[in-house]
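K.L.:
After the sequence you'll find the predicted model.
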Amino acid sequence: MILFLCICLTGLPCLTGAADVERTLSTPAPEAGSVVDVTLSIEEIAAGGVVEHLPPGFAFAGSSLPADRVAADEDRICFALLNETSVSYQIVAPEKGSGEITGEWYDFVNRLNGTIQPSRIGVDGAGATETAGSPGPAPALLIAVLAGLIIARGRRQ
């Protein structure tokens, strides 16, 4: 039982008020050469960062953050965050191509990090399908439930 409680308490930061970042695209199916607006909605990160990875051929074109808080290199864009609740940036679609925009967030104050749910994008709709659903339960929650079932099963035997 003590093991079960320890596992639950370990997972508690993952289950309550933890930082989170969500991405929205102005369109998942841009025309060749058009600009796509990407918005990152940010919760609970006082000081941290976001790293975004673009599909091949898509190019970074600008951001709402000051230039000294953004670093772009080929398919990777790094944003330094200081109490932002949202960040927007623009990318230019190539002549053809598709893939996923992926990313990670980092909360330096609370020493947390996580991934941002991937967003499919494809020129003229190529390979672009709407990403549905939400992330599954936190791994700590799954471990806590599993540990509880193992303990309960052991007591019945």
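P.N.:
Looks like it arrived, so ask away.

K.L.:
Checking my notes, D124 in a helix, right?
P.N.:
Yes - with DSSP: H, G, I helix; E, B strand; the rest coil as the criterion, D124 is located in a helix.

K.L.:
Do you know the pLDDT at it?
P.N.:
Each residue has a pLDDT score; the one for D124 is 86.

K.L.:
can you check A19 too?
P.N.:
81.

K.L.:
Surely S63 touches F79?
P.N.:
Yes - with contact defined as Cβ atoms under 8 Å, S63 reaches F79; the gap is 7.0 Å. (Each C-beta comes from the backbone N, C-alpha and C, glycine too.)

K.L.:
what do these two both touch?
P.N.:
Overlap between the contact sets of S63 and F79, as judged by Cβ atoms under 8 Å, 6 or more residues apart in numbering, is given by V70, V87, Y89.

K.L.:
beta partners for D73?
P.N.:
Applying DSSP bridges to D73 gives these bridge partners: R76.

K.L.:
Can you get me a residue count around it?
P.N.:
Burial of D73, expressed as a neighbour count using other Cβ atoms under 10 Å, amounts to 8.

K.L.:
Now the element after the host helix or strand of V51, going C-ward?
P.N.:
Counting by DSSP states H and E, the element that carries V51 is strand 47-53. Going down the chain from strand 47-53, the next helix or strand is strand 59-63, by DSSP H and E.
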